[in-house]
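Visitor: Coordinates for the following, if possible.
(2 chains)
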Amino acid sequence: KQEVTQIPAALSVPEGENLVLNCSFTDSAIYNLQWFRQDPGKGLTSLLLIQSSQREQTSGRLNASLDKSSGRSTLYIAASQPGDSATYLCAVASNYQLIWGAGTKLIIKP
Amino acid sequence: DGGITQSPKYLFRKEGQNVTLSCEQNLNHDAMYWYRQDPGQGLRLIYYSQIVNDFQKGDIAEGYSVSREKKESFPLTVTSAQKNPTAFYLCASSPRELTQHFGDGTRLSIL
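Guide: Numbers count the residues shown, from 1 in each chain, chains lettered A, B, ... in the order given. Here you go, the predicted structure:
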């Protein structure tokens, strides 16, 4: 059974720092891996989607990598800003379903 | 604008009462999903539907029911059999295998 883990559960860093969020999964037979952002009391916004055949995807200051063999993905945020404060969730897709991590709550201090 | 609309934003349920959460999408997506989110946990799948008039149970379907009579609509009923319904409920839709698009959620509480 696929399990997805995100560490740490919470992270607080000063503005301007580069940071890495981690996501690990137990079964490498995935269709894709996605990173989402969730603001308090809101739904989820898709950030990046990495197909199983890809190694990374970039969007602006965000870069997501995927290493299926080790069951890991990282979300790199460059030059963090207070507006980046949110909960970041990763999800692994297989069989038309997404298996979710519990998320990392990120706080960027001005 | 295209998107997913969930209503109401906040909902309160009395003991023994069934309540229905609405989810409507105008994205022309085939698949729709209902998730439950509890503090400190990942999203858990309640039900999903890949096509009209068909739906499948997710990991925590007990105490919930759904229907998919129209492509645009996928309402979720929280029945009195669900003993711990307090949670944040998220609806999503997807064009088959591609990324899911989410509504803004409904927060359900017990009176």
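
Visitor: if I pick the residue of chain A most remote from its centre, what's in contact with it?
Guide: Distance from the centre of chain A peaks at A:Pro110, with 22.4 Å (Cα atoms, centre = their mean). By Cβ atoms under 8 Å, 6 or more residues apart in numbering or on different chains, the residues touching A:Pro110 are A:15, A:82. The way it works is simple: take the backbone N, C-alpha and C, and place the C-beta from them, glycine included.

Visitor: How confident was the prediction at it?
Guide: We have a pLDDT of 92 for A:Pro110.

Visitor: is the helix or strand of chain A with the lowest mean pLDDT anywhere near chain B?
Guide: Least confident element among the helices and strands of chain A, by mean pLDDT, DSSP states H and E: strand A:97-100 (a mean of 86). Yes: judged by Cβ under 8 Å from any Cβ of the partner chain, strand A:97-100 comes into contact with chain B through A:97-100.

Visitor: That strand pairs with which strands?
Guide: If you go by DSSP bridges, strand A:97-100 pairs up with strand A:86-94 (antiparallel).

Visitor: For the strand it pairs with, which outside residues touch it?
Guide: Under Cβ under 8 Å, 6+ apart, the answer for strand A:86-94 is A:2, A:4, A:6, A:21, A:23, A:25, A:27, A:29-40, A:44, A:47, A:73, A:75, A:98-106, B:42-43, B:97.

Visitor: do that again at 6 Å, thanks
Guide: A:4, A:21, A:23, A:25, A:30-39, A:98-101, A:103-106 (Cβ atoms under 6 Å, 6 or more residues apart in numbering or on different chains).

Visitor: Centre of the chain to it, how far?
Guide: 6 Å (Cα atoms, centre = their mean, to the nearest Å).

Visitor: mean confidence for that strand?
Guide: Rounded mean pLDDT across strand A:86-94 is 92.

Visitor: Alpha carbons of it, as CSV, please.
Guide: Output in CSV follows, covering the C-alpha atoms of strand A:86-94 (Å, rounded to 0.1, in the frame of the first residue of the first chain):
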residue,chain,number,x,y,z
ALA,A,86,1.2,28.2,3.4
THR,A,87,0.9,24.5,3.8
TYR,A,88,2.6,22.5,1.0
LEU,A,89,1.3,19.0,0.2
CYS,A,90,2.6,16.4,-2.1
ALA,A,91,0.5,13.7,-3.6
VAL,A,92,1.4,10.5,-5.6
ALA,A,93,-0.9,9.5,-8.4
SER,A,94,-1.7,5.9,-9.4
